[in-house]
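J.: just a sequence and a predicted model for now, questions to come.
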Amino acid sequence: MTIFLQRAGLALAMLLFAATAAVADSHVYKLYVDGLACPFCAYGVEKKVGGLDGVESIDIEIDDGVVLVTLADGATLDEATARRAVDQAGFTLREFVTPKAE
(Lines give C-alpha, C1' and ligand atoms only; values in the text may rest on other atoms or scores of the structure.)
Protein backbone atom coordinates (compact mmCIF):
# COMPACT_ATOMS: atom_id res chain seq x y z
CA MET A 1 0.00 0.00 0.00
CA THR A 2 2.86 2.40 0.80
CA ILE A 3 4.46 1.98 -2.62
CA PHE A 4 1.09 2.60 -4.27
CA LEU A 5 0.64 5.84 -2.33
CA GLN A 6 4.17 6.98 -3.18
CA ARG A 7 3.63 6.32 -6.87
CA ALA A 8 0.21 7.98 -6.81
CA GLY A 9 1.71 11.01 -5.08
CA LEU A 10 4.52 11.20 -7.62
CA ALA A 11 2.05 10.94 -10.52
CA LEU A 12 -0.09 13.72 -9.03
CA ALA A 13 2.95 15.94 -8.53
CA MET A 14 4.00 15.42 -12.15
CA LEU A 15 0.52 16.30 -13.41
CA LEU A 16 0.42 19.47 -11.32
CA PHE A 17 3.86 20.49 -12.54
CA ALA A 18 2.87 19.95 -16.19
CA ALA A 19 -0.35 21.93 -15.73
CA THR A 20 1.51 24.78 -14.05
CA ALA A 21 4.12 24.88 -16.82
CA ALA A 22 1.40 25.02 -19.49
CA VAL A 23 -0.36 27.90 -17.74
CA ALA A 24 2.93 29.74 -17.22
CA ASP A 25 3.81 29.45 -20.93
CA SER A 26 0.49 31.05 -21.86
CA HIS A 27 1.67 34.37 -20.36
CA VAL A 28 5.23 34.47 -21.73
CA TYR A 29 6.07 36.72 -24.66
CA LYS A 30 9.37 36.30 -26.47
CA LEU A 31 11.16 39.42 -27.69
CA TYR A 32 14.17 39.02 -29.95
CA VAL A 33 16.32 42.10 -29.38
CA ASP A 34 19.28 43.17 -31.50
CA GLY A 35 22.27 44.71 -29.74
CA LEU A 36 22.22 42.96 -26.37
CA ALA A 37 25.87 42.42 -25.53
CA CYS A 38 26.32 42.69 -21.78
CA PRO A 39 24.50 42.77 -18.43
CA PHE A 40 24.37 46.58 -18.58
CA CYS A 41 22.48 46.35 -21.89
CA ALA A 42 20.12 43.80 -20.39
CA TYR A 43 19.49 46.06 -17.39
CA GLY A 44 18.37 48.91 -19.67
CA VAL A 45 15.90 46.67 -21.48
CA GLU A 46 14.73 45.17 -18.19
CA LYS A 47 13.93 48.62 -16.77
CA LYS A 48 11.93 49.76 -19.80
CA VAL A 49 10.07 46.54 -20.57
CA GLY A 50 9.65 45.68 -16.88
CA GLY A 51 7.92 49.01 -16.33
CA LEU A 52 5.08 48.13 -18.69
CA ASP A 53 1.64 47.42 -17.22
CA GLY A 54 1.04 43.79 -16.30
CA VAL A 55 4.66 42.63 -16.43
CA GLU A 56 5.38 40.15 -13.63
CA SER A 57 8.91 39.13 -14.54
CA ILE A 58 11.58 39.31 -17.19
CA ASP A 59 14.29 36.80 -18.05
CA ILE A 60 17.00 37.87 -20.46
CA GLU A 61 19.22 35.52 -22.41
CA ILE A 62 21.98 37.92 -23.44
CA ASP A 63 23.86 35.51 -25.72
CA ASP A 64 20.71 34.75 -27.72
CA GLY A 65 19.27 38.28 -27.62
CA VAL A 66 16.02 36.95 -26.17
CA VAL A 67 13.86 38.71 -23.60
CA LEU A 68 11.17 36.53 -22.02
CA VAL A 69 8.37 38.68 -20.61
CA THR A 70 5.89 37.06 -18.24
CA LEU A 71 2.60 38.91 -17.80
CA ALA A 72 -0.01 38.66 -15.08
CA ASP A 73 -3.27 36.83 -15.71
CA GLY A 74 -5.47 38.85 -18.03
CA ALA A 75 -2.68 41.21 -19.12
CA THR A 76 -1.53 41.38 -22.73
CA LEU A 77 1.36 42.93 -24.59
CA ASP A 78 1.15 44.20 -28.15
CA GLU A 79 4.06 44.49 -30.54
CA ALA A 80 3.91 48.29 -30.80
CA THR A 81 4.21 48.71 -27.03
CA ALA A 82 7.05 46.21 -26.82
CA ARG A 83 8.85 47.88 -29.73
CA ARG A 84 8.51 51.31 -28.12
CA ALA A 85 9.93 50.08 -24.80
CA VAL A 86 12.86 48.33 -26.49
CA ASP A 87 13.53 51.42 -28.63
CA GLN A 88 13.50 53.63 -25.52
CA ALA A 89 16.15 51.36 -24.02
CA GLY A 90 18.29 51.98 -27.11
CA PHE A 91 17.84 48.65 -28.86
CA THR A 92 15.95 47.18 -31.80
CA LEU A 93 13.10 44.69 -31.56
CA ARG A 94 13.77 42.18 -34.34
CA GLU A 95 10.93 39.75 -33.65
CA PHE A 96 7.90 39.61 -31.36
CA VAL A 97 6.40 36.22 -30.46
CA THR A 98 3.11 35.97 -28.60
CA PRO A 99 2.38 33.16 -26.14
CA LYS A 100 1.03 29.87 -27.39
CA ALA A 101 -2.74 29.59 -27.20
CA GLU A 102 -3.99 27.21 -24.53
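T.: Now that the structure is in, tell me what you want to look at.
J.: what is the neighbour count of residue 39?
T.: 11 (other CB atoms under 10 Å). C-betas here are computed from N, CA, C, even on glycine.
J.: how close does the closest residue to residue 92 other than its chain neighbours sit to residue 47?
T.: Nearest non-adjacent residue to residue 92, counting by CB to CB, 6 or more residues apart in numbering: residue 34, 4.3 Å away. Remark: distance between residue 34 and residue 47 (CB to CB, to the nearest Å) = 18 Å.
J.: just to revisit the earlier point, surely the residue nearest to residue 92 is in contact with residue 65?
T.: Yes - if you go by CB atoms under 8 Å, residue 34 and residue 65 touch, sitting 6.3 Å apart.
J.: quick one, which of those two is more surrounded?
T.: residue 65 (21 against 11).
J.: ok, residue 48 touching residue 85?
T.: Yes - counting by CB under 8 Å, residue 85 is a contact partner of residue 48 at 4.4 Å.
J.: neighbour count for the two, which is higher?
T.: For residue 48 versus residue 85, neighbours defined as other CB under 10 Å are more numerous around residue 85 (23 against 18).
J.: wait, residue 99 sits on residue 68?
T.: No - between residue 99 and residue 68 there is no contact under CB under 8 Å: 10.4 Å.
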